[in-house]
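S.K.: Sharing a model prediction with you, sequence too.
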Amino acid sequence: MRLLSLVFIFVFSMMVVVACNSDKPTTTEEPAEKKEPVTEEKETEKEEPTLKPLVVAIEAEPTSLDPHNATDTNSATVQSVILEGLLAFDENMNLVKTLATDYEFNDTATEITFELREGVSFHDGSPFNAEVVKVNLDFVRDRDNGMARASFFSFIDEVIINNDYSVTIRSTEPNAAMASYLAHSAASFKSIDEVNKKIADPEYNADRNPVGTGPFKFAEWRDSSHVKVVPFDNYWNEEGKAKVESITFKPVVEASTRVNMLKTGEVDIVFPLPTLSADELEADANIDVFTGSSTDTFYIGMNVSLDKYKDVRVRRAMNHAVNKDALIAQVLDGYGQVLNSAIAPAVYGYDPQAIYEFDQDKAKELLAEAGAENGFDAVLWTRNSTEFLTVAENVAIQLGAVGINVDVQAYETGTLFDMLDAGEGTDLFIGRWSPGTGEADWGLRPNFASDRIPPNYNNAGYYINEDLDKLFNDALSSPDQEETLRIYAEAQKVIFEDAPWVFLYVPDTIIAKRSELKGITVRATGAVVLTGAWKE
């Protein structure tokens, strides 16, 4: 079916397999009685493989383990070993079936029907079925429930149960990207009991009580210390059962500390890896380093509802004022490229634009034309991690050279997200965005659609452009691939020329791990897949 093939095209990206292994542990039991001596050789054959603990250093503490209520990469990383959805992405970012055994679009791409896997249990023992799918999707998309991912599922009009193991999801309008959306981490499922607890008591802390169907189950979360998961013995996929004793995720804000922990063996894997350490670690025989293109975009967002940013000449001036090549050299040691669109080259639908060349004289000229020849004061919010702080300080100096005096204010990641979601007092902010769907709609819509402004949505710059909204909707409705790509190219042109961001760079993905850690895969989205991990 033409529309069905379109969906697969919508998830274009790249994944590199770092290491893999097909061996799986076997379980044996000692006989109740031994009628004859057991030889040493036979005893060795009966021994169960020793599973080892895995320790992961991430750059910040997760904000939530509820897939309905988290928007950051660190949360998604932890969730990925606990929770599952209908679909997922394979090593080439193609769609694969997880809790679904089959799916099909109707001829107009307004409905997608899933056949569900039977015999799957949640960690609390409850069954997975069509009711689970409906309850989860109905809850998260109900904006009265206040979930951070409500807007992500706004394309859904109705979830229809056909029978216990068949469900149809109907969209509000033609949507050829539906399958890609349903492979996103936000489309993972919690047990019905957990959803009902939140419905009965809105104060119930679902952020700290993830109950999924994945190969690992939640064990504990100690603030500022770690999140720990352990194997789920009744996992439905025998081949996919856990091959490590536990996974402990340690938030380590300081990049150099993460690197030192990797060197000493205190942790087994570090991501993201600071670029300064990449060359050094590549020379270490005990450590493997992977680098590759990413789908991340780094930018300076600005609240365009403020008078000082309303004139497009001011926004363009700020783009000309920042030397992105120098920024990449200083902050990334060359591991990146200048951002020349609102999405990265690895995202399906990307169309390059003519970059804003570094030209401080041009910047001053544009500011003068806009009546801001004397500059103005600004506050730049940033996360308190090394890379974000370095970018903020570098950009502040460069904007200062054209008369824009920037006060850098650093916050813990979760706190900053809360501030941006609340939509109060936002001026400038450093953003990083990567579409988990691998395609242009989710690369663009959350940050630039008029219906995604705060509170609780991602368009923290309050950018409103009704012509752009129409382009987004037209792209999803088009049954023609070439027309869809043309529309997304037009949308990127509109955004780049209107300059609601200072477009900075696309960083390379850099991951480092101990050489004894195997079975890890890394996607261009920056996601590290740990479910198949094992240690020598």
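M.R.: Looks like it came in fine.

S.K.: only C-alpha atoms for contact and neighbour calcs from this point on.
M.R.: OK.

S.K.: tell me which residues in stretch 187-199 are buried?
M.R.: A187, S188, F189, K190, S191, I192, E194, V195 (16 or more other C-alpha atoms under 10 Å).

S.K.: let me fix that: stretch 206-224
M.R.: So stretch 206-224, judged by 16+ other C-alpha under 10 Å, has buried residues 206-207, 209-218, 221.

S.K.: for it, the distance to its chain's centre please.
M.R.: 18 Å (C-alpha atoms, centre = their mean, to the nearest Å).

S.K.: Using CSV, write out the CA atom coordinates for whichever helix in the chain runs longest.
M.R.: Looking across the chain with DSSP state H, the single longest helix is helix 481-498. In CSV, the C-alpha atoms belonging to helix 481-498 read as follows (Å, rounded to 0.1, in the frame of the first residue of the first chain):
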residue,chain,number,x,y,z
GLN,A,481,5.8,12.0,-1.0
GLU,A,482,7.4,14.7,-3.3
GLU,A,483,4.7,17.2,-2.4
THR,A,484,5.2,16.5,1.3
LEU,A,485,8.9,17.1,1.0
ARG,A,486,8.3,20.3,-0.9
ILE,A,487,6.0,21.6,1.8
TYR,A,488,8.5,20.8,4.6
ALA,A,489,11.2,22.6,2.5
GLU,A,490,8.9,25.7,2.3
ALA,A,491,8.3,25.5,6.1
GLN,A,492,12.0,25.5,6.8
LYS,A,493,12.6,28.5,4.5
VAL,A,494,9.9,30.4,6.4
ILE,A,495,11.4,29.6,9.8
PHE,A,496,14.9,30.4,8.8
GLU,A,497,14.1,33.7,7.2
ASP,A,498,11.9,34.7,10.2
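
S.K.: host element of the closest residue in space to K190 that isn't next to it in sequence?
M.R.: The shortest distance from K190 to any non-neighbouring residue, by C-alpha to C-alpha, 6 or more residues apart in numbering, is to G212 (5.1 Å). Assessed by DSSP states H and E, G212 sits outside every helix and strand.

S.K.: My guess is G212 contacts G85. True?
M.R.: No: with contact defined as C-alpha atoms under 8 Å, G212 does not reach G85; the gap is 9.3 Å.

S.K.: Quickly list what's touching both of those two.
M.R.: F189 (C-alpha atoms under 8 Å, 6 or more residues apart in numbering).

S.K.: about what we covered before: mind pulling up the pLDDT for the residue nearest to K190?
M.R.: Looking at G212, its pLDDT reads 98.

S.K.: Hmm, A177 and S477 touching each other?
M.R.: No: applying C-alpha under 8 Å as the test, S477 and A177 come out as separate, 9.7 Å apart.

S.K.: which of the buried residues of stretch 206-224 lies closest to D144?
M.R.: Nearest to D144, judged by C-alpha to C-alpha, of those is A206 at 16.0 Å.

S.K.: what's V56 in contact with, if anything?
M.R.: I247, T248, F249, K250, V267, D268, I269, V270.

S.K.: now this structure, which segments are flagged as low pLDDT?
M.R.: 1-49, 91-93, 456, 524 (pLDDT under 70).

S.K.: Next, the spatially most central residue of it: phi, psi?
M.R.: Nearest residue to the geometric centre of the chain (C-alpha atoms, centre = their mean): T73, 4.4 Å. With angles defined as degrees, to the nearest 10, T73 shows backbone torsions of phi -70, psi -40.
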